[in-house]
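*Asks:* sequence? don't have it. structure:
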């Protein structure tokens, strides 16, 4: 029996969750539980993994439903541009990076110092981009350089 405290069901106000359309629920569920130390709240239909103070909800894609007509949910394809990503903040990026790599996570690069923060990225089993970051300079008023603007 699932404890209601573990579900993203507030008694008042609201909570924010993140829904992912996945190809294989069990593979994605285990990735988020293992790499991020999450608690599997529901195994499927939908899968829900509680991670720290948030929840990742996962289900396969599908066609329109009465409450979302004309909407089709699909996981990303390799050539798809990225328009949103999961942003996870950690207290110690070096420790997280080493632990996640030991568990099989594949990062795009090692952590990079960006002045305001140290960050790196990885992809989940469906190709979703995940940023891992540790606040560093921003805690002392140092922020990243602004992007160059074109005239």
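*Replies:* Good, I have the coordinates. Small disclaimer: the values here were computed from a predicted structure and weren't measured. Numbers count the residues shown, from 1 in each chain.
*Asks:* Pairing partners for the residue positioned nearest the centre of the chain in the sheet, please.
*Replies:* For the chain, the residue nearest the mean C-alpha position is residue 86 (3.8 Å; CA atoms, centre = their mean). For residue 86, the beta-bridge partners are residue 130 (DSSP bridges).
*Asks:* which residues pair with the closest residue to residue 45 other than its chain neighbours across the strands?
*Replies:* Among residues not flanking residue 45 along the chain, residue 59 sits closest, at 7.2 Å (CB to CB, 6 or more residues apart in numbering). C-betas here are computed from N, CA, C, even on glycine. Here residue 59 sits in beta bridges with residue 21, going by DSSP bridges.
*Asks:* Report the secondary structure state of residue 101.
*Replies:* Of the three states, residue 101 takes helix according to DSSP: H, G, I helix; E, B strand; the rest coil.
*Asks:* Setting the sequence-adjacent residues aside, check what's closest to it.
*Replies:* residue 107 (7.0 Å).
*Asks:* show me what contacts the one you found?
*Replies:* Counting by CB atoms under 8 Å, 6 or more residues apart in numbering, residue 107 touches 97, 100-101, 120-122.
*Asks:* and this structure, what are its domains?
*Replies:* 1-71, 76-151 (automatic domain parsing).
*Asks:* Show me how far the last one is from its chain's centre.
*Replies:* Think domain 76-151. 11 Å (CA atoms, centre = their mean, to the nearest Å).
*Asks:* Next: stretch 48-63.
*Replies:* Centre-to-centre, stretch 48-63 and its host chain are 9 Å apart (CA atoms, centre = their mean).
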